[in-house]
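Q: Next come a sequence and a model predicted from it.
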Amino acid sequence: MGFGDLKSATGLKVLNVFLSDRSYIEGFVPSQADVAVFEAVSAQPPADLCHALRWYNHIKSYQAQKNSLPGVKKPLGQYGPSGVADTTAAAASDEDDDDLDLFGSDEEEDAEAAKLKEQRLAEYAARKSKKPALIAKSSLLLDVKPWDDETDMAKLEECVRSIQMDGLVWGQSKLVPVGYGIKKLQIGCVVEDDKVGTDILEEQITAFEDFVQSMDVAAFNKI
């Protein structure tokens, strides 16, 4: 597996298709996998590669804290779609095979191998692009805590529900006692992973600082 050369247009197209139904390279949170692929991309993807561009800008916002992201960074060729040959990894493995040399040592064979690789990447991208993109969604349960027992909880909920974004649908809510007469707002929502992240929700909810002390994600489930 692999993306190929991420500094080429073909490699970026494969990355774009790969991210059409994913928020991250691996899993559901930013990790060292995203850092490894981000560092292999030489520049911001063009606007027509909307999935790759969305991912690039999102991971770029984590660069100051990239070393603290979870996971262990692996060789670039170990990330990406299956079925796409990574010539760097293939060449490395072939060093141990005395009887077989896929790419040869002369310029003619190297050019032929590069051409074959580009052709396979293009074919893969074409096949993948014909498939309908899946919209990844998650169901969240948020705990929104007020400052004290005198906070107007009806107004607090009104503020939370006033947050409107493409890919965000608010659900049911209830007040849950937390002690000393204080109640927290527990509210559900469904989000499209590519459009709405928990960090964005937290930033917008806690912006109502007259009412909101903090926000926590009580439950997170993929749909």
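A: Received it, and whenever you're ready, just let me know what you need.
Q: in this structure, which spans are helices?
A: Applying DSSP state H to the chain gives helices spanning 9-18, 32-40, 50-60, 87-94, 107-130, 153-161, 198-205.
Q: quick one: which of these has the weakest pLDDT on average?
A: When the helices of the chain are ranked by mean pLDDT, helix 87-94 comes last with a mean of 40.
Q: Could you find the closest non-adjacent residue to residue 177?
A: Distances taken as C-beta to C-beta, 6 or more residues apart in numbering place residue 183 nearest to residue 177, at 5.3 Å, with adjacent residues excluded. Glycine gets a C-beta too; all of them are placed from N, C-alpha and C.
Q: Tell me the confidence at that neighbour?
A: 95.
Q: re earlier: let me have the helices of the chain in a markdown table, adding distance to residue 173 and mean neighbour count as columns.
A: A markdown table is the format used below for the helices of the chain (distance: least, C-beta to C-beta, whole Å; neighbours: other C-beta atoms under 10 Å):
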| stretch | distance to residue 173 | mean neighbour count |
| --- | --- | --- |
| helix 9-18 | 37 | 22 |
| helix 32-40 | 33 | 19 |
| helix 50-60 | 28 | 18 |
| helix 87-94 | 50 | 14 |
| helix 107-130 | 40 | 14 |
| helix 153-161 | 6 | 16 |
| helix 198-205 | 13 | 16 |
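Q: Of the ones you listed, give the one that comes closest to residue 137.
A: Residue 137 lies closest to helix 198-205 among those, at 13.5 Å (C-beta to C-beta).
Q: And the contacts of that closest one?
A: Residues lying outside helix 198-205 but in contact with it, judged by C-beta atoms under 8 Å, 6 or more residues apart in numbering, are 140, 142, 144, 159-160, 163, 165, 168, 189, 191, 212, 215, 217, 220.
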